[in-house]
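J.: one predicted model, sequence on top.
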Amino acid sequence: MTIVAIAFAVLAAVALAYGALFQHEAVVGQDDSHNGLSWANFKELLANRRWLLGLLILGLGTAGNLVALALAPVMVVQPIGAFSLIVSVLLGIRHRGLKVNRRLVQAVVWCTVGVTLFVALSATTARSEVHLGGDAMPLVWITGIVVVIGLIIMIAFRHAPQLVLITAAGLLFACVATNAHLVSVQILRAGPDQVTWINVVGLAAAAALGSWFVQNAYAAGPPEMVIAGLTVVDPIGAVILGTVVLGEAQSAPVWLIIAITATGLVACLGVVVLSRYHPDVKDREAERRVARRSDTLTDTEES
């Protein structure tokens, strides 16, 4: 079953890359998207065929990932999404003329290698268990806390940096994945009548808010950054929840936990490097510097 789950997770990763490409193109095509997305922007996107195509592809990828989560532990399935970062960069080169530099390659390698080792090490110890009734509540409380923090960020920061947006989205979707796994195992091993529906509610709330952050992240920067955040922050968050809350790594020795932590840190470092040295990010920063100099010169001439 684990091999089948990995196959579905790989297909979901490819779908994530294609869906992100189409939706990013639709979002940045809006004249005022750089100011953050409003509800009016979302209404326009609902009539945009390219955005809807991306949504359909993402939906198929999500379905594949849910199947994978039902067949294997969260610690095995979620990190495989890092494969979509490689696909996303290749799509960016072909469709957006993405310029490849040394830092971009380094960041992609660190993210991919870090998460690949993360998967391999996690797979050696991860075990799925059924959590029913009160045993499922700790995950509900954690999901609620993450959702509340996400709402605070959404309300307090109109123009949050892309790194903040993708981190928030990654943590929210980590909660989605973990709740989806918990509910799937409940259905398959205990029956539909044993489902804790409050976990389903938490899953839906985290998915809705996480999607909002993703769309705003598309407007704030390149799609590769969104993919990197989702495929690194999401799986690391999911593995932490799987380990601490669901007890998927109870039999793991200390050295293995340390090794898993180290590979996760390498992957996170890759995301930070990507956020600073991605060609699109550097181009935007250069444009902002030019604009600031122009404003300064204008103010000087007026005075």
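T.: All right, it came through fine.

J.: the helices in the protein, which residues?
T.: Across the chain, reading from the start of the chain, the helices by DSSP state H fall at 2-28, 39-45, 49-71, 74-77, 83-95, 102-123, 137-156, 162-185, 197-220, 223-244, 254-277, 279-302.

J.: alpha carbons of the fifth one, as CSV, please.
T.: Extracted as CSV, the C-alpha positions of helix 83-95 are listed here (Å, rounded to 0.1, in the frame of the first residue of the first chain):
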residue,chain,number,x,y,z
PHE,A,83,9.0,16.9,-6.1
SER,A,84,6.6,19.6,-7.4
LEU,A,85,9.3,22.3,-6.8
ILE,A,86,11.5,20.7,-9.5
VAL,A,87,8.6,20.5,-11.8
SER,A,88,7.6,24.1,-11.1
VAL,A,89,11.1,25.4,-11.9
LEU,A,90,11.1,23.5,-15.2
LEU,A,91,7.7,24.9,-16.0
GLY,A,92,8.9,28.4,-15.1
ILE,A,93,11.9,28.1,-17.5
ARG,A,94,9.7,26.9,-20.3
HIS,A,95,6.6,29.0,-19.9
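
J.: the residue nearest to the spatial centre of the chain - nearest residue in space that isn't next to it in sequence?
T.: Note on the chain: the residue nearest the mean C-alpha position is Leu230, at 1.7 Å, using CA atoms, centre = their mean. Spatial nearest neighbour of Leu230, chain neighbours left out: Gly170 (5.5 Å); criterion: CB to CB, 6 or more residues apart in numbering. C-beta here means a position set from N, CA and C on the backbone, and glycine is covered the same way.

J.: the one you found: what's it in contact with?
T.: Applying CB atoms under 8 Å, 6 or more residues apart in numbering, we find Gly170 in contact with Gly229, Leu230, Val232, Val233, Asp234, Gly237.

J.: can you get me a residue count around the third one?
T.: Each residue near Val232 was counted by other CB atoms under 10 Å, and the total is 32.

J.: so it touches Val272, yeah?
T.: No. In this structure Val232 lies outside contact range of Val272 using CB atoms under 8 Å: 9.9 Å.

J.: what about the stretch 201-303 of the chain, any weak spots by pLDDT?
T.: In the prediction, the stretch 201-303 of the chain carries residues with pLDDT under 70 at positions 249, 275-303.

J.: picking that back up, measure the residue nearest to the centre of the chain to Trp255 for me?
T.: 29 Å (CB to CB, to the nearest Å).

J.: ok, Pro138 next?
T.: Relative to Trp255, Pro138 is positioned 27 Å away (CB to CB).

J.: and for Pro192?
T.: Here Pro192 is placed at a distance of 40 Å from Trp255 (CB to CB).

J.: what's the answer for Trp110, then?
T.: Applying CB to CB to Trp110 and Trp255 gives a distance of 22 Å.
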